[in-house]
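A.B. asks: here you go, sequence then predicted model.
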Amino acid sequence: TLGGTGRTAGAKQEPKHETLRRALLDLVEASAPHDPLPSERELMTRYDVSRVTVRRAVERLGQEGRIYRVQGSGTFVADRETISKSLHLTSFSEDIRARRMTPAGRMLLMERVPADVVNARDLFVEPGTPLIHLERLRTADGEPMCLENVWLPETLLPGLLDRGEPASLYDELERAGAAPDSAQQTVRATLVDATQATLLNVPPQFPALCVERVTRDARGRAVERAVSLYRADRYDFTFTITRER
Ligand code: GLP
């Protein structure tokens, strides 16, 4: 439980949430960046305080930038030096595991196609260049989450079409020496059409987030163009943004 405030009798008592805030700050300072903080319930028990007190202390530390929250996962120690790094380039598999769910999926299409004008422009290849096209229904804990179309130059992953369905495309690219390193990404709101609705198990015209990504490896080569359609009721984006001075 929280120790005394060390103040003399008669002096105004420090509010409990402030005492707890200082105790939690000690904990934060003794932890490594991105370490999880104990849950609300654990903090209530450990410090013998009410939920309101815990919330106020945690809220203050959040406002001070010492901790951050990830929807559905919990509260973590902020990395004060490299805060912009929390804008991570993740694969679907990593992204879903970070949300404490299990990624899986179903390959709907796996084919060789000649690059059309849009893919040629974004992947910096000549129109007609052989591309691998994958269409995957991606699930989290068995429920449809995302309908994803990816195009990439076949020369990057020769033999993929014969090997069959990859569990993780980013793992494949990494093994092939073309590990994803950075990406240009656009997110927009959209409505699903009838076919997409059936696959995603939602009514037609259901809202979705459309994420378009062109990804490069460390040498600057474009390694994929992906268009991912996420169910708006199951997915959101959280990122840390900083103000340039
Ligand atoms: C996300 C990205 C896609 C990328 C995919 C790879 O969904 N939006 O651009 O192709 O991750 O995920 P995995 O490695 O799990 O196949």
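C.D. replies: The structure has been received and is ready for your questions. Predicted model, so just to flag it, every value in this text is computed and none were measured.

A.B. asks: and the helix or strand bottoming out on mean pLDDT in the chain, what does it pack against?
C.D. replies: Least confident element among the helices and strands of the chain, by mean pLDDT, DSSP states H and E: strand 67-70 (a mean of 79). Using 3 or more Cβ pairs under 8 Å, 6 or more residues apart in numbering; DSSP states H and E, the elements in contact with strand 67-70 are helix 51-63, strand 74-77. Glycine gets a C-beta too; all of them are placed from N, C-alpha and C.

A.B. asks: center of this structure - which residue?
C.D. replies: Nearest to the mean C-alpha position of the chain, by Cα atoms, centre = their mean, lies residue 95 at 4.4 Å.

A.B. asks: what's around residue 194, how many residues?
C.D. replies: For residue 194, the neighbour count with other Cβ atoms under 10 Å is 9.

A.B. asks: related to what we said a few turns ago, who's in contact with the residue nearest to the centre of the chain?
C.D. replies: If a contact means Cβ atoms under 8 Å, 6 or more residues apart in numbering, then residue 95 has residue 103 as its contacts.

A.B. asks: that one is in what secondary structure piece?
C.D. replies: Secondary structure assignment for residue 95, by DSSP states H and E: helix 92-98.

A.B. asks: residue 26 too?
C.D. replies: Residue-wise, residue 26 maps onto helix 16-29 under DSSP H and E.

A.B. asks: for that helix, buried residues please.
C.D. replies: Neighbour counts over helix 16-29 (16 or more other Cβ atoms under 10 Å) mark 16-17, 19-21, 23-25, 27-28 as buried.

A.B. asks: check stretch 147-155 too.
C.D. replies: In stretch 147-155, counting by 16+ other Cβ under 10 Å, buried: 147-154.

A.B. asks: and this structure, which of its residues are near the ligand?
C.D. replies: Proximity of the chain to the ligand, by Cβ under 6 Å from any ligand atom, involves residues 91-93, 148, 150, 168-171, 211, 213, 224, 226, 228.

A.B. asks: how far away is residue 206 from residue 234?
C.D. replies: 11 Å (Cβ to Cβ, to the nearest Å).

A.B. asks: for residue 65, that is, sorry about that
C.D. replies: Taking Cβ to Cβ, one finds residue 65 at 29 Å from residue 234.

A.B. asks: those two - which one has more neighbours?
C.D. replies: residue 234 (18 against 11).

A.B. asks: I'd say that one and residue 141 touch.
C.D. replies: No - taking contacts as Cβ atoms under 8 Å, residue 234 lies outside contact range of residue 141: 10.0 Å.

A.B. asks: what about the chain, any weak spots by pLDDT?
C.D. replies: Counting by pLDDT under 70, the chain contains low-confidence residues at 1, 3-11, 80-87.

A.B. asks: show me where it has helices.
C.D. replies: 16-29, 40-47, 51-63, 92-98, 117-123, 160-163, 169-175, 194-200 (DSSP state H).
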